[in-house]
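A.B. asks: build me a model:
(4 chains)
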Protein chains: 2
Amino acid sequence: MATLDDIAKMAGVSATTVSRVINNYGSLSEKTKTKVFAAMKELNYQPNSLARSLKGKKTQLIGIILPGVGNPFFGQMVQEIEDQLFKKGFRIILCNAGNDAEKERAYLRMLMANRVDGIIAGSHNLNIEEYQKVGLPIISFDRYLSENIPIVSSDNYHGGQLAALSLLAAGSKKLQIITGANRPNSPTNNRLSGFQEVLNRQNLDFKLLEIPFSSSPNIKGLKIKELLAKRDADGIFCTDDLTALLVMQQAKELDIKIPEDLKLIGYDGTNFIQNYHPELTTIMQPISDIVTMMIDLLLKRIDDPDCKLESNYTLPVKLITGATTI
Amino acid sequence: MATLDDIAKMAGVSATTVSRVINNYGSLSEKTKTKVFAAMKELNYQPNSLARSLKGKKTQLIGIILPGVGNPFFGQMVQEIEDQLFKKGFRIILCNAGNDAEKERAYLRMLMANRVDGIIAGSHNLNIEEYQKVGLPIISFDRYLSENIPIVSSDNYHGGQLAALSLLAAGSKKLQIITGANRPNSPTNNRLSGFQEVLNRQNLDFKLLEIPFSSSPNIKGLKIKELLAKRDADGIFCTDDLTALLVMQQAKELDIKIPEDLKLIGYDGTNFIQNYHPELTTIMQPISDIVTMMIDLLLKRIDDPDCKLESNYTLPVKLITGATTI
DNA sequence: TTTGTTTTGTCAAACGTTTGACAATTATAA
DNA sequence: TTATAATTGTCAAACGTTTGACAAAACAAA
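C.D. replies: This next block holds a predicted model:
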């Protein structure tokens, strides 16, 4: 691959001049500039960003740590992150951590080794200490990581409230919530709390089914089938849309009619769900705004590592009413 | 961040020795090794990979260029790529090119600048020349890029045949295919050809509806509705599963019963579809095998840039029969 | 012409590693 | 004890840039 020196020789100038052209530094005549640009084009030259970064420039790389991009929610989020960061001249290193703490740790090390400018993290199998040691600007999605790492999330509590209210409004009496197993610091806890609060206020009761996040869809489906077979719920809130799809699937098998026999509401409201399952009522997280906010904060931190940021940024959710709660 | 010298000082050895420990080069006593490792741990040291790569080591970075990770197919593929590459010690830079040639070009330049070890590309808005100029090991998914860039794909032709055969076996007489607009070099062309071949052989006719890839789901839905409203097809092959979902959606609206009035078969067979729409008959691409193959070839090329590879590697597809063709 | 300004060049240090040559020290075996 | 091998150290060059100091050259204006 061509180097600075190759360009310098070809353009008949010094290496310093070429560097000046690239960095637009010092004073340069139009003539030299065109000569240099011509040589760069001719040799298809790309400045070695390793060398540049070593010399102190930013790498323009951001690490993205998420549970996994196979899930439409995180898929859309990554797409959005990529899109917005690209426009600002950054590239992303994608890290699917799943729920593998060892992998997440390894990635954290690698991101340090690669001298990324910052990290957006939405998957957290590690303890606080490990995140504190990283020493890079980090923004967290939806989970507490450590002192001084801002959390951006949507209003999970209000989302839970909305879900309860819309099931009640649709006439449900016997409410059921299906959620991931209650881990500390999990955002789904707040969805549950919001839901709970509405019902408590009206002196109403509800049933709770917890299914571990890591369960396969088949397992989840089975547990849901068991639940539905009892036929003692007429309104279900799933704390994510995919689980709601499983409910629809199982309900069909058991010949339970939605919305006639059962009202259903999900959570997330990805483009995918809106396009391919518009019938599902859901609480939409404003993914695009969340991403904009995270990037905004991250770039601020990159610019000034000591800048003070809030510890929480909560964005509003929106109820999207479909046919499952009519 | 700690550097080699910091470690050397802390461990009371020379920088060279530390480097030797890290690279396991030269002869070293256990005692020194433990001292050095202790210092590394103490300071949470990560060798600066910029400096290492600059000095000639590989970057262990692979560029992934795809249309976009919001789509479940590519989502799963990226996840698989990430997973397999991680195990081999590589990290990925994710590039969603969409159908934006300018963006793809910019990414290609950036990947060169970052000195990635290789590229996996599955999105191709650019002409051959531009890919040839890159001068890095590249493997292509499912599309012709340029001389000497191997293509890994599933057996699209056979997939098309399978689709036709299973619609016929299910008793369909009036066949319809819905596919992305026919671009040259697109793999969906082969799916069409396989489909066609089966019907030709039996002297049967079929209708063709082309909808540009870039159309929004709403637009696609409208065109499908129009089509279904004519009610002159009783078997439809969609060259991707998402379009098949739209057909199901529109059919429901028009009160066309699947599979009673209409047989339906999709294409791709992602985990997502298998988990959340098991009723859909589809042709499954072996994503995991495709990825394994691509990575295998890519690493070969990285190891030996001049190694001879086939120009095509075709992996078998599998019919997954659901309720939509019974 | 002189003076001043703009452009370009030379040189060198720095970023954090790796690696080779070579020497010095220590440990082990005969 | 000496000979040999293993270990560690010093030194320096290299990777491809950026950036500053400084000087030389080119050009313009007075």
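
A.B. asks: got the end-to-end distance for stretch A:195-207?
C.D. replies: 11 Å (Cα to Cα, to the nearest Å).

A.B. asks: err, stretch A:162-181, not the other one
C.D. replies: End-to-end for stretch A:162-181, by Cα to Cα: 21 Å.

A.B. asks: how about stretch A:20-38?
C.D. replies: OK, stretch A:20-38 end separation, Cα to Cα: 15 Å.

A.B. asks: is that stretch anywhere near DNA strand C?
C.D. replies: Yes. Applying Cβ under 7 Å from any atom of the strand, one finds stretch A:20-38 touching DNA strand C at A:20, A:26-29, A:31-32. In this view, the C-beta of every residue, glycine as well, is placed from N, C-alpha and C.

A.B. asks: now render those as a markdown table, adding pLDDT and secondary structure.
C.D. replies: Listed next are the residues of stretch A:20-38 next to DNA strand C as a markdown table, based on pLDDT from 0 to 100; DSSP: H, G, I helix; E, B strand; the rest coil:
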| residue | pLDDT | secondary structure |
| --- | --- | --- |
| A:R20 | 93 | helix |
| A:G26 | 83 | coil |
| A:S27 | 84 | coil |
| A:L28 | 87 | coil |
| A:S29 | 87 | coil |
| A:K31 | 89 | helix |
| A:T32 | 89 | helix |
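
A.B. asks: and the pLDDT for the residue nearest to A:S186 when sequence neighbours are not counted?
C.D. replies: Excluding its sequence neighbours, the residue lying closest to A:S186 (Cβ to Cβ, 6 or more residues apart in numbering or on different chains) is A:G180, at 6.8 Å. On pLDDT, A:G180 comes in at 88.

A.B. asks: and A:A2, how far from DNA strand C?
C.D. replies: 17 Å (Cβ to the nearest atom of the strand, to the nearest Å).

A.B. asks: give me the number of residues near the closest residue to A:P278 other than its chain neighbours?
C.D. replies: Distances taken as Cβ to Cβ, 6+ apart place A:G322 nearest to A:P278, at 5.8 Å, with adjacent residues excluded. When counting by other Cβ atoms under 10 Å in any protein chain shown, one arrives at 19 neighbours for A:G322.

A.B. asks: quick one: pLDDT of A:G322?
C.D. replies: pLDDT for A:G322: 97.

A.B. asks: and A:N48, what is it in contact with?
C.D. replies: By Cβ atoms under 8 Å, 6 or more residues apart in numbering or on different chains, the residues touching A:N48 are A:1, A:3, B:54, B:113, B:115.

A.B. asks: leaving out the residues flanking it, which one is nearest to the spatially most central residue of chain A?
C.D. replies: Taking Cα atoms, centre = their mean, the centroid of chain A lies closest to A:M77, which sits 4.6 Å from it. The shortest distance from A:M77 to any non-neighbouring residue, by Cβ to Cβ, 6+ apart, is to A:I287 (5.5 Å).

A.B. asks: report pLDDT for the one you found.
C.D. replies: At A:I287, pLDDT is 98.

A.B. asks: burial of it, as a residue count?
C.D. replies: Counted with other Cβ under 10 Å, residues neighbouring A:I287 total 21.

A.B. asks: go on, A:L61?
C.D. replies: Residues near A:L61, counting by other Cβ under 10 Å: 23.

A.B. asks: and for A:K55?
C.D. replies: 9.

A.B. asks: ok, it to chain B distance?
C.D. replies: For A:K55, the distance to chain B equals 10 Å [Cβ to the nearest Cβ, to the nearest Å].

A.B. asks: cool, A:V116 as well?
C.D. replies: 10 Å.

A.B. asks: I'd like the next helix or strand past the worst-scoring helix or strand of chain A on mean pLDDT.
C.D. replies: None of the helices or strands of chain A scores lower by mean pLDDT, DSSP states H and E than helix A:128-133, at a mean of 84. Counting by DSSP states H and E, the next helix or strand C-terminal to helix A:128-133 is strand A:138-141.

A.B. asks: what is the subsequent helix or strand relative to that next one?
C.D. replies: strand A:151-154.

A.B. asks: OK, contacts around A:I92?
C.D. replies: By Cβ under 8 Å, 6+ apart, the neighbours of A:I92 are A:61-64, A:78, A:81-82, A:85, B:93-94.

A.B. asks: where does it land in three-state SS?
C.D. replies: strand (DSSP: H, G, I helix; E, B strand; the rest coil).

A.B. asks: if we can go back for a sec, kindly state the beta-bridge partners for the residue nearest to A:S186.
C.D. replies: Using DSSP bridges, the beta-bridge partners of A:G180 come out as A:I211.

A.B. asks: quick revisit: contacts for the least confident helix or strand of chain A?
C.D. replies: By Cβ under 8 Å, 6+ apart, helix A:128-133 touches A:105, A:108, A:121, A:124, A:138, A:145-147, A:149, B:44.

A.B. asks: what about burial for these, which qualify?
C.D. replies: Among these, those classed as buried by 16 or more other Cβ atoms under 10 Å in any protein chain shown are A:108, A:121, A:124, A:138, A:145-146, A:149.
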